[in-house]
Each structure stands twice: as structure tokens, then as C-alpha cells.
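Student: The sequence isn't on hand, but the structure is:
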């Protein structure tokens, strides 16, 4: 499209100003800033996993089964956080696990976001029976408890990480569709949309270039919520044996393998769960901060 | 009001039809021959195969199969389990009280603790109480509950030895279970210690299942309360010279409860998803564990109908909450 008349993207200067304003409000929330730091640290750990991990995450040391962490009796500094039942280094598995969890979050949110936005924009923009059919289908998906539906979808598709991610994306996508539709309905009769329409913008341009950018704030907040939700659900599926399969160092799968040792070796159970909790908590803290920074209702100067 | 109820119901029917289509379609998109999957047998003779196919209706056009499926559902026929050979509905009804008992205790814990915490945190905004409880609420909200359950088992069963690890009641007790609710049945049995045993089995799973709803309710109550406290009518009530207790208890709390009740209603879906994990960890014989077991045993008639029944229950509860919402919110009632 060559017409520049209907362009409503802000000039570079205002964009920087918007970012600065956003950062100002985000910084107000101390928890959110801590969450961001932890999240960045996790990203670094995931990226640098092969360099950071002291051992290979799936190589088994038959001479060192269920070795406790180094500060306990019987522990050694070779395996800082101990080993699991088949002699794999827990610290290395945790470090590599960060890769899986963040990857799951990114993939699930990307699929759900793209699908949900496309569906929601179409429903909100066209209205009428298209809207009705789409929204009833979303209602049907939302009528099932998400974990149950994901579990059944995985049963259909077959257990495994990829299928688990697809299943979780499918069940979290209606939230994006609903949010998008609601904001599109609020925006589509505003004057700037009318102006773009009069200027001759096509339907696709109206939907995705004119209206969509003004609906992004609630979607960003929902995306962080879905990110942490996806990590939790994928871990739960792994725990139930339907997600990533052993010997993948995925945190939920690690917990499933560790279950029978809960009363004998606390570290094999405690540490993977703690990793999940810290990751999810950091993302949720960031989500709270994003909501405060992006929600105009809460912005009082 | 009647118009309001009818309006809600008319929304429900297409959704319910959609759910039956999902449950119906589920078996047909499974990889493998649906006849073999639903009959749960392998190595059938061709005659037996034809017989099964006719009996399960797979030899007819798909829309006819669907209508017959609906017809059977309306008559309470949800098919038979491959494993137990029992009608799915009767298995469901036997196991459902266990889940209901657990979910009920969980929601009671969540509301009884969550609402006062939210109210206090809002009233003392910015205090250490506010900060500690809201941080804990966010931790609770982020909790992988399957891990939380394991931690509680390690501590209370392993280290302290206070609570049992699994099941609903100690095997030492045997009594009839007419209601299916272990707390009530154990009381009625009159056996010494039976009730205490049932309660000690229930406590850890209830806490685990209550964790996320508790966190959500506390956060929601706090923000609803904060919003209401800044309203003009609360200021008016204060200006009139009403006692703080009356302002908070009558003017603020009542209005803050409207969104909180919706939140509580929405927790039903969360509870069902949580029950899947909680029941698996604590070997609690309810429908969550039943679904997980059936999926891994490939008992597809159970998965199919369990999906339908659970979604149906969630929908009906959400409808009740919606109606309740209309009842307590005059703005909706009269519009």
C-alpha cells in the first residue's frame, strides 16, 4: 500500500516519548522492576545454558545417585545442587529447563496472540452473524476448564512438548480473541477510523493498521498473563506425563520423575518446583507493572 | 427478571450444543479406528467388528450419528466405560461427591480467608499488612499447585507425621457412604475417630486446591474495595458522620462484593482444573483423577462423557453466578 495519508503511526519522537512515559509508570511499581530483573536473568541463563551448566543435563553418573546438595552431609561440590535418581546433575537440568519454559511461553503466546487477534479483529470489525458464530465458538472453548481441554487435546495429538504447546495455545487463544473484539468494537466507530475509511483505506488496512494499534494495551497485559499461564500449564502437563517426555530437562517433567522420592530426597522435588514458581512469579510481577503502566484508568497525575 | 433469566438461557443453548459437538467430534478425530477405540478390544473377528460398528452407530451418516448421540444424552445414556463396564454416568455420580466435597472445602477456605484479607489490605493500603498479604497472594497465584501439594506432603506427612498422604479415610474404618461426602458419612457412622480421620485426609488437598482461588479472591476483593472506597457515596456516608464500621460494612463492602461474587463464580473452572492435579497428587478418588486415569488407560467413552459432564457443570454454575449477579446488582436487574 502506497498511500500515506491514512497512516496513524506516531512519529519517532512521540514514540520515544511514549516509551519514556511507559517506563516512568512501570518503574513506580517496585515489584515489577524486580520481576523484570529476574526475567532478564532467566533469559540470560536460557541463552547461555551450555556455557553455564557444569554438566550435561542428560548424562547419568551411575556412581552418584541421589547425591544431596553440597551443604548437606554426603554432598559434594561436583554436583552443587545434588543429583537425581539416575545420577544427573540437578543444577544443569534446571539451567537447561529455563530454555524449555521460556520457549514454551514464547511459542504459546505467539500462536495464541496471532490467532486470537486475527479472530477477534474479524469478529469485531464485521459484526453480525460472523461475530456471533466466532464468539459462540470461543464460548465453547472457554466452557471447558483449560487444563482439562489441553489434556484431552494432548491425548488426541499424542503426548509430547510440541503437542502440549499447541494444546495450550488453543485453549488460551479465546482470551485474546475476546479482548481484541471488545476493543475493536470500542474503537471502530471513532472519528479517526472514519477519517481513514473516507481517505480510502481498504478493509485489511483499517482492521490491522488503523484500529489494531489502539487496542494493544489490554492485549499486552493478557500476553504476560498467558505467558506465565502457559509455563504453569506446560509444567502441569509434563507432571501428568503428557508434556515433555523424559529425559528432557523440563521442570514439570523433572517433578514427575522425582515424585516417588519425595520422602527420601527433598532436593529432587523442591528445586524444579521452585524454579517454576520463581519464573512464573517474576512474569506475573511484570504483568502487574504493565497493567499499572498501560491502564489509563489508573494513571492519575 | 424472568426476561433476564431467559436471555441468559438462550446464550447457554448454543454453547451447550457446541460442547456436545466437541465431545462427539473428539472420538472421531482420535488417531486410529474409532470402532476399536470405543469398543476397547483388539483382534476382533470381522463379524464381531461389523456387529460393534452397527451397535455403536459408526456405519451411518455422521449427522445421523450426532443426532443419535444427542438423543442418547437427553435420555441420560452417556455410554459405558471400557474398563469398569459400568455406565459412565453412574461412575461419575459415584465419584463426583468426592470432588464436590474437596472443591467445597477449598472454596470455603478461599472465601473465608481471602475476603477479609482483601478488605483489610484495602483499608490499610500501603501498610506492611497490605504489602505482605498482596505479595503472598501473588506468590499463591503463581504457584504450581502440583509442586505445592508435594511440599505440603513432605512437611506435614513426612517431617511432622500429622496427616496421611493419600485417600479419603483411613482403611481402619469401614462404614456405608450414603451421601458420598466423607465428612458427613463418617459422622453418621458413629465410629470413634472416623470423622477425625476423614478431616485429616481432607485438609491438605483442600489447602492445595484453595491456594489459587484464595489468591485471586484476595486480590480482587482488595481492588474492588479500593475502587468503592473512592466513590462519592462512601464520602457522603463518611460526611454524614456514620461510624467507620458502618461505612465499610454497609456502604462499601456490599458494593465491593458484586465483582467479587463474579470472581468466586469464575473459580469453579479453576477448581475443576485444580482438582485434576490435586486429586492426582493425593490419590483422591474424584472425577479429576478419574479423567487423568481414563486418558492414560485410553478409556475414551469416559473421557468423552467426562468432558461433557464437567463442562456442563461449569456452565451451569456460571449461569447460577450470572443470575445471582443480576439479583444483587440492581443496575442489571432493572435494565
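Tutor: Arrived safely, thanks for sending. Worth saying up front: this structure is predicted, and the values here are computed from it rather than measured.
Student: So which residues on the stretch 1-150 of chain A come close to chain B?
Tutor: A:31, A:136, A:137, A:139, A:140, A:143, A:144, A:145, A:146, A:147, A:148, A:149 (Cβ under 8 Å from any Cβ of the partner chain). Heads up, the C-betas are built off the backbone N, CA and C, glycines and all.
Student: Does the last one touch residue A:171 like I think?
Tutor: Yes - using Cβ atoms under 8 Å, residue A:149 and residue A:171 qualify as a contacting pair, with a distance of 5.0 Å.
Student: joint contacts of the two?
Tutor: residue A:141 (Cβ atoms under 8 Å, 6 or more residues apart in numbering or on different chains).
Student: Name the SS class of the one residue in chain A that gets nearest to chain B, please.
Tutor: Of all residues in chain A, residue A:273 sits closest to chain B, at 2.9 Å by Cβ to the nearest Cβ. Of the three states, residue A:273 takes helix according to DSSP: H, G, I helix; E, B strand; the rest coil.
Student: Then residue A:69?
Tutor: Recorded secondary structure, residue A:69: coil (three-state DSSP).
Student: dump the residue contacts of the residue of chain B found nearest chain A.
Tutor: At 2.9 Å from chain A, residue B:147 is the closest residue in chain B, using Cβ to the nearest Cβ. Residues near residue B:147 by Cβ under 8 Å, 6+ apart: A:255, A:269, A:272, A:273, A:274, A:276, A:277.
Student: 7 Å - rerun?
Tutor: Going by Cβ atoms under 7 Å, 6 or more residues apart in numbering or on different chains, residue B:147 touches A:255, A:273, A:276.
Student: Name the spans of chain A whose pLDDT lies under the cut-off.
Tutor: Scanning chain A for pLDDT under 70 picks out A:1-12, A:296-301.
Student: ranges for the helices of it?
Tutor: With helices called from DSSP state H, chain A shows them at A:12-28, A:30-47, A:49-52, A:90-126, A:128-143, A:146-157, A:161-187, A:191-198, A:203-205, A:216-239, A:251-258, A:266-294.
Student: Output those helices in CSV; the columns should cover mean neighbour count.
Tutor: Putting the helices of chain A into CSV (neighbours: other Cβ atoms under 10 Å in any protein chain shown) gives the following:
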stretch, mean neighbour count
helix A:12-28, 12
helix A:30-47, 16
helix A:49-52, 13
helix A:90-126, 22
helix A:128-143, 17
helix A:146-157, 23
helix A:161-187, 22
helix A:191-198, 14
helix A:203-205, 13
helix A:216-239, 24
helix A:251-258, 27
helix A:266-294, 22
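Student: Nearest to residue B:200, out of those?
Tutor: Residue B:200 lies closest to helix A:266-294 among the helices of chain A, at 22.2 Å (Cβ to Cβ).
Student: Spell out which residues of the stretch 201-335 of chain B are next to chain A.
Tutor: Residues of the stretch 201-335 of chain B lying close to chain A (Cβ under 7 Å from any Cβ of the partner chain) are B:269, B:272-273, B:276-277, B:280, B:291-292, B:295, B:303, B:307, B:310-311, B:314-315.
Student: change it to 8 Å
Tutor: Counting by Cβ under 8 Å from any Cβ, the stretch 201-335 of chain B sits next to chain A at B:269-270, B:272-273, B:276-277, B:280, B:291-292, B:295-296, B:303, B:307, B:310-311, B:314-315.
Student: rewinding a little: any idea which helix or strand carries the residue of chain B closest to chain A?
Tutor: Assigned by DSSP states H and E, residue B:147 belongs to helix B:145-152.
Student: Following element in sequence after that helix, please.
Tutor: Toward the C-terminal end, the helix or strand that comes next after helix B:145-152 (DSSP H and E) is helix B:182-189.
Student: Quick one: residues in contact with that next one.
Tutor: Residues contacting helix B:182-189 (Cβ under 8 Å, 6+ apart): B:98, B:101, B:168-169, B:173, B:175-179, B:194-195, B:197-199, B:201-202.
Student: Buried subset of those residues as a PyMOL selection?
Tutor: Burial among the contacts of helix B:182-189 is assessed by 16 or more other Cβ atoms under 10 Å in any protein chain shown; the matching PyMOL selection reads:
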select buried, chain B and resi 98+101+168+169+173+177+194+195+197+198+199+201+202
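Student: Tell me which residues touch the residue lying closest to residue B:283 once chain neighbours are set aside, please.
Tutor: Spatial nearest neighbour of residue B:283, chain neighbours left out: residue B:166 (3.6 Å); criterion: Cβ to Cβ, 6 or more residues apart in numbering or on different chains. Contact analysis of residue B:166 by Cβ under 8 Å, 6+ apart lists B:282, B:283, B:284.
Student: Can you tell me which of these has the most neighbours?
Tutor: The most crowded member of those, judged by other Cβ atoms under 10 Å in any protein chain shown, is residue B:282 (27 neighbours).
Student: pLDDT at the residue nearest to residue B:283, what is it?
Tutor: Residue B:166 is assigned a pLDDT of 79 by the prediction.
Student: quick revisit: among the contacts of residue B:166, name the ones in helices.
Tutor: Counting by DSSP H, no part of these is found in helices.
Student: Give me the three-state assignment for residue B:234.
Tutor: At residue B:234, secondary structure determined by three-state DSSP is helix.
Student: and the two most separated of the residues of the stretch 1-150 of chain A next to chain B?
Tutor: Every pair of the residues of the stretch 1-150 of chain A next to chain B checked by Cβ to Cβ; the farthest is A:31 and A:136, at 38.6 Å.
Student: Report the angle between the one helix or strand residue B:269 maps to and helix A:128-143.
Tutor: Residue B:269 belongs to helix B:253-281 when elements are defined using DSSP H and E. Angle, helix B:253-281 to helix A:128-143, by axes from the mean of the first three to the mean of the last three Cα atoms, to 10 degrees: 60 degrees.
Student: which parts of helix B:253-281 are buried?
Tutor: Neighbour-count burial for helix B:253-281 [16+ other Cβ under 10 Å]: B:253, B:255-281.
Student: again with stretch B:229-248
Tutor: B:229, B:234, B:237, B:238, B:242, B:247, B:248.
Student: Tell me which two in those residues are the farthest apart.
Tutor: B:229 and B:242 (13.7 Å).
Student: Now residue B:263: closest residue in space, sequence neighbours ignored.
Tutor: residue B:220 (4.4 Å).
Student: And residue A:161, by the same measure?
Tutor: residue A:244 is the one closest to residue A:161 (Cβ to Cβ, 6+ apart), at 4.2 Å.
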